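Engineer: the sequence isn't on hand, but the structure is:
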Ligand code: NDP
Ligand code: PYC
């Protein structure tokens, strides 16, 4: 019975999650933004940052580590640079508040940077940048997290799982979007594997003694992930640390101490988004039309997994047929929303 599925509409799931966030101390506006974000991740199959994360959000809010009512402060730094202090709140409301001013800068300069510091990012990055590509802009985003990845050849975790996401418009097609951790796997997927008793691919991480392991419990219990691609992914992860913390004023992944807030799970770090208006370039052959030429070439070459399409198709299907959730999961969400637990 507990493994059976029930289908929720996007609207129902957003309403349920919104109530959970409100019950746990978020303002109405923050609750709505987080609920939409988390529902989008679940709907589009980004399960490491879908409803599985609700327990983590709730535990963190209850621990007092994050401020669910924070009001971000925006600072216009330069013609192409906006900084936002999220005020110990979540990164998504900070982005929402700065969105219009940021787009204005991208469109007037051709390029602009948004840096969000003093912020908690606990979700996928693609929902942050997809809207830019949908309105014809190119966007690149990065966020650092918490020290759970050992740099290539090192023995102590320093980097976070540090994802990078990229979105670009493609003429006549959904945007090209990719978004992934710079570790072999997102920490969220390691947690899901541990819950389900599954082992991981060889080389995913190390145990507390620095020995390679495919055991998720060993990675989570004093061990760490490793960067993807050896020294190459390790350097990219380093770049994410430096650009996010260095430009936003936020913490490096190793810098914050959440031990005073038992239950806290949201990293308190920084995020950047670089936005580009491609209509400034291209010598008459704009990026969206060039992107469609490249996508056609990839298709002809037999590449059938161009990033962004799987998620786009799943989104369309689930908007029609609903989002499947385990009944045990829904029961738990409903209890959290009612304030019973
Ligand atoms: P995955 O390894 O699952 O990779 C996902 C990306 O790769 C998507 O863009 C996906 O496109 C594309 N993709 C997947 N499979 C293929 C394939 N076979 N061929 C080509 N492209 C493919 O991502 P991760 O597990 O590393 O990360 C999952 C999520 O976790 C991300 O959304 C990330 O932002 C988030 N995260 C958040 C962190 C935070 O601190 N907030 C930290 C770490 C991760 P498509 O969508 O079309 O399937
Ligand atoms: O899944 O690696 C992860 C992660 C870290 C912070 C939020 N998500």
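Structural biologist: Everything's here; your move. The structure displayed is predicted, hence computed values, not measured ones. Ligands and ions are numbered 1, 2, ... in the order given.
Engineer: OK, contacts around the residue nearest to the spatial centre of the chain?
Structural biologist: With distances taken as CA atoms, centre = their mean, residue 124 lies nearest the centre of the chain, 2.1 Å away. Counting by CB atoms under 8 Å, 6 or more residues apart in numbering, residue 124 makes contact with 41, 46, 48, 49, 163, 165, 179. No exception for glycine: its C-beta is placed from N, CA and C like everyone else's.
Engineer: go on, residue 199?
Structural biologist: By CB under 8 Å, 6+ apart, the contact set of residue 199 is 193, 214, 215, 216.
Engineer: can you redo the residues you listed as a markdown table with neighbour count, distance to ligand 2 and secondary structure?
Structural biologist: Below are the contacts of residue 199 laid out as a markdown table (neighbours: other CB atoms under 10 Å; distance: CB to the nearest ligand atom, whole Å; DSSP: H, G, I helix; E, B strand; the rest coil):
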| residue | neighbour count | distance to ligand 2 | secondary structure |
| --- | --- | --- | --- |
| 193 | 20 | 12 | helix |
| 214 | 15 | 17 | coil |
| 215 | 17 | 17 | coil |
| 216 | 25 | 12 | helix |
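Engineer: closest to ligand 1 among those residues?
Structural biologist: In terms of CB to the nearest ligand atom, no member of these lies closer to ligand 1 than residue 193, at 11.4 Å.
Engineer: give the contact list for the residue nearest to residue 160 when sequence neighbours are not counted.
Structural biologist: Closest residue in space to residue 160, ignoring its immediate chain neighbours: residue 145 at 3.1 Å, by CB to CB, 6 or more residues apart in numbering. Residues near residue 145 by CB under 8 Å, 6+ apart: 121, 160, 161, 162, 187, 253, 267, 269.
Engineer: ok, the fifth one to ligand 2 distance?
Structural biologist: Between residue 187 and ligand 2 the computed distance is 3 Å (CB to the nearest ligand atom, to the nearest Å).
Engineer: measure how buried that residue is and give me the count.
Structural biologist: Residue 187 has 24 neighbours, counted by other CB atoms under 10 Å.
Engineer: ditto for the last one
Structural biologist: The local packing of residue 269 (other CB under 10 Å) involves 28 other residues.
Engineer: what does residue 202 give?
Structural biologist: Count around residue 202 with other CB under 10 Å applied: 8.
Engineer: which ones are touching the closest residue to it other than its chain neighbours?
Structural biologist: Excluding the flanking residues, the one nearest residue 202 by CB to CB, 6+ apart is residue 214, at 5.3 Å. By CB under 8 Å, 6+ apart, the contact list for residue 214 reads 199, 200, 201, 202, 203, 204.
Engineer: for the protein, what lies in contact range of ligand 2?
Structural biologist: Residues of the chain lying close to ligand 2 by CB under 6 Å from any ligand atom are 48, 122, 145, 161, 181, 186, 187, 188, 267.
Engineer: any idea how far the first one is from ligand 1?
Structural biologist: Taking CB to the nearest ligand atom as the measure, residue 48 falls 5 Å from ligand 1.
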